[in-house]
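Peer 1: requesting a structural model of the entry that follows:
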Amino acid sequence: MRHVSFVDNNDVTLLESGTAFFPALIAAIDAAQYDILFETYIFAEDEVGHAVRDALIRADRRGVKVRVLVDWIGTEHRPALRLGEAFASAGVQYRVFNPWCKRGIARSHRKIVVVDRDVAFVGGININDDWRCDHADKHRLPAPRWDFTVQVRGPLVAQIHDEAQGQWLRAGRLKLRQRIELFKEMRKEPEQSCAYPARAAFVVRDNLRNRSTIQRAYLQALGRAKHSVLLATPYFAPGRKFRKALAHAARRGVQVTLLIGVGEFVIQDMVAHSFYPKLLADGIRVVEYRKTQLHAKVAVVDDDWATVGSSNCDGLSLFLNQEANVVVLDERFAATMRAHIERGIADGVPIRAEDYAHTGWFRRASYGLAYMVYKLVMRIFAIGYA
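Peer 2: Here you go, the predicted structure:
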């Protein structure tokens, strides 16, 4: 288990949903001069996807080295193939993570873009229309999907670039000479400066060296929490260690609030509901976000710790998927993130213990059954879910 390593002197900007992210992303791509590494889980065939695709093709035609990696499950195989054809005809380098699911159900759920090793984007926002449901493109949401990405400048960009380049390398079959050339590129350190010195770390989850790095970052923050924890996630089904850390924080007087997305998957909602009685009994405040699809995976602990990324608080993200988060130790950034989460909480519906006092036995049993099935599936696919 690798230690979370923080780097000083970074400029980290929070971008809320596609309204802020997509213009910043396309502007960075259009300004690129040398190199673009691009990873996403979903690359949709919609207006947003076409705009980003066209920007990447424009960069390639200017002589920029463009490499695009998408996930086979997230992007779906037919759109992934069509996207590959469009990029191939334009000369853009393109790969698919785990095509035809040859490596089981492993997914690259990361959303990472690095441009010229000068600016990086890391978060939870896929390349698709904010008004369309992630898993049902024809379903229009009542309000834009709620999500976040961070734009990073400074020394941390070099780490993000190296990881994205490593993922590109792992997703392809390269000759030894090509691998040596790539690793030489990874050792180059660009000259960077930033206007605002924030301390930040880049943490990933994989099935090799970083199996528990993202969970460890959360557990360390929860263990040190003194007065407040705000956590927003669309899917809540963490393992025992994570749940215990939340409970221990609440029991020692920390105000712990969970903002949980509901209404997307019935089974997932049932699994989350199975935890509610125990969470409430431990003094944890639970709020359901029903305004639109909550896709944000963000948290703030006390006044100076915050994280934004692709990792949900469930077994898939914490024990199976490839994920990427940025953790920021900075009071100004944490205050900004806190204000966004608190606004989401204000738009949510608080869950009360008495709401479950009169729940019928059949419904309680269905919640428990959903959790048992979920736990069984996780034990099959992700050894160590606990």
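Peer 1: any weak-confidence spans in the stretch 251-386 of the chain?
Peer 2: 382-386 (pLDDT under 70).
Peer 1: the stretch 1-150 of the chain too?
Peer 2: 1-3, 136-138.
Peer 1: so what's the residue nearest to A198 when sequence neighbours are not counted up against?
Peer 2: Among residues not flanking A198 along the chain, D330 sits closest, at 4.1 Å (Cβ to Cβ, 6 or more residues apart in numbering). Where you see a C-beta, it was placed from the backbone N, CA and C, and this is true even at glycine. The contact partners of D330, by Cβ atoms under 8 Å, 6 or more residues apart in numbering, come to V12, A198, R199, A200, D304, A306.
Peer 1: next one: I127
Peer 2: T40, I42, F43, A44, V48, G49, V52.
Peer 1: same question for H77.
Peer 2: P99, W100.
Peer 1: please state the backbone phi and psi of it?
Peer 2: Note on H77: its backbone torsions stand at phi -70, psi -40 [degrees, to the nearest 10].
Peer 1: V326 now?
Peer 2: According to degrees, to the nearest 10, V326 has phi -110, psi 130.
Peer 1: is it true that A225 touches V300?
Peer 2: No. Assessed by Cβ atoms under 8 Å, A225 is found out of contact with V300, at 10.2 Å.
Peer 1: more neighbours, those two?
Peer 2: Remark: of A225 and V300, V300 carries more neighbours, 27 against 22, as counted by other Cβ atoms under 10 Å.
Peer 1: now the more buried one: how far from E288?
Peer 2: 19 Å (Cβ to Cβ, to the nearest Å).
Peer 1: before we move on, what about D147?
Peer 2: Taking Cβ to Cβ, one finds D147 at 17 Å from E288.
Peer 1: for A249, same thing?
Peer 2: From A249 to E288 the distance is 21 Å (Cβ to Cβ).
Peer 1: the two: which is more packed in?
Peer 2: Shown here are A249 and E288; by other Cβ under 10 Å, A249 has more neighbours (25 against 20).
Peer 1: A helix includes that one, no?
Peer 2: Yes. Under DSSP: H, G, I helix; E, B strand; the rest coil, A249 sits within a helix.
Peer 1: am I right that it is in contact with H227?
Peer 2: No. Using Cβ under 8 Å, A249 makes no contact with H227, being 9.9 Å away.
Peer 1: and H50, that's in a helix?
Peer 2: Yes. H50: assigned to a helix according to three-state DSSP.
Peer 1: for it, give its distance to T75.
Peer 2: For H50, the distance to T75 - Cβ to Cβ - is 14 Å.
Peer 1: can you check E163 too?
Peer 2: 20 Å.
Peer 1: list the contacts of L141.
Peer 2: By Cβ under 8 Å, 6+ apart, the contact list for L141 reads D130, W131, R132, C133, T292, Q293.
Peer 1: most neighbours out of those residues, which is it?
Peer 2: Q293 (26 neighbours).
Peer 1: pretty sure that one contacts W131?
Peer 2: No. The pair Q293 / W131 is not scored as a contact, 9.8 Å apart, by Cβ under 8 Å.
Peer 1: where exactly do the helices run in the stretch 151-300 of the chain?
Peer 2: Here the stretch 151-300 of the chain has its helices, by DSSP state H, counting those that start in this stretch, at 156-171, 176-187, 213-224, 240-251, 266-281.
Peer 1: closest one to N325 among these?
Peer 2: helix 213-224 (5.6 Å; Cβ to Cβ).
Peer 1: may I have stretch 42-49 exported as PDB, CA atoms only?
Peer 2: What follows is stretch 42-49, C-alpha atoms only, in PDB (Å, rounded to 0.1, in the frame of the first residue of the first chain):
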ATOM      1  CA  ILE A  42     -17.600   7.500 -21.300                       C
ATOM      2  CA  PHE A  43     -17.000   9.200 -24.600                       C
ATOM      3  CA  ALA A  44     -20.500   9.800 -25.900                       C
ATOM      4  CA  GLU A  45     -21.800  10.300 -29.400                       C
ATOM      5  CA  ASP A  46     -23.500  13.500 -28.700                       C
ATOM      6  CA  GLU A  47     -22.900  17.200 -29.200                       C
ATOM      7  CA  VAL A  48     -20.400  17.400 -26.300                       C
ATOM      8  CA  GLY A  49     -18.600  14.300 -27.500                       C
END
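Peer 1: next, the buried residues of it.
Peer 2: I42, F43, A44, E45, V48, G49 (16 or more other Cβ atoms under 10 Å).
Peer 1: with adjacent residues omitted, what lies nearest to the third one?
Peer 2: Spelled out, that is A44. N128 (3.6 Å).
Peer 1: burial of that neighbour, as a residue count?
Peer 2: 25.
Peer 1: likewise F6?
Peer 2: Residues lying near F6 (other Cβ under 10 Å) number 15.
Peer 1: now do F362
Peer 2: So F362, with other Cβ under 10 Å, has 7 neighbours.
Peer 1: how near is it to F22?
Peer 2: 45 Å.
Peer 1: please apply the same query to R103.
Peer 2: 31 Å.
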